[in-house]
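K.L.:
kindly return the folded structure for what I paste below:
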Amino acid sequence: MSKKDLIDAVATATALSKEQATQAVDAVISHIQASMKRGEEVRIPGFGTFKVTKRAARKARNPQTGVEMMLKASVVPKFSASKNLKEALN
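P.N.:
Next up, the predicted model:
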């Protein structure tokens, strides 16, 4: 499902115009991003949790040349599905 498909689904389910649905979807996405930038978790009951994890610096190997290199420490997003979502999929 693309963002456009999600906007269409929200517009249909809520009887909002496409412009209003676009604003709603964009607001949700930007709020999740802003919260994660601050290092906060975003929990959506029945769906899952978006969180930020620190990844330590590590050695990596270029698969084409075999040359080892050091990768910098970084912050990465993670998503953990809720029990309800996992059960709904299985």
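K.L.:
domains for this protein, by residue range?
P.N.:
1-38, 41-90 (automatic domain parsing).
K.L.:
most tightly packed of these?
P.N.:
domain 1-38 (a mean of 13; mean count of other Cβ atoms under 10 Å). The C-beta positions use only the backbone N, C-alpha and C, and glycine is treated the same way.
K.L.:
ends of it, how far apart?
P.N.:
Domain 1-38 stretches 28 Å from its first residue to its last (Cα to Cα, to the nearest Å).
K.L.:
same question for that domain, mean pLDDT?
P.N.:
For domain 1-38, mean pLDDT rounds to 95.
K.L.:
and if you look at stretch 56-71?
P.N.:
For stretch 56-71, the mean confidence score works out to 93.
K.L.:
give me the residues contacting it.
P.N.:
72, 73 (Cβ atoms under 8 Å, 6 or more residues apart in numbering).
K.L.:
and residue 72, how close does it get to residue 60?
P.N.:
As for residue 72, its distance to residue 60 is 11 Å (criterion: Cβ to Cβ, to the nearest Å).
K.L.:
what residues does the lengthiest helix in the chain touch?
P.N.:
In the chain, with assignment by DSSP state H, the single longest helix is helix 18-37. With Cβ under 8 Å, 6+ apart as the test, helix 18-37 has contacts from 3, 6-8, 10-11, 14, 16, 41-42, 50-52, 77.
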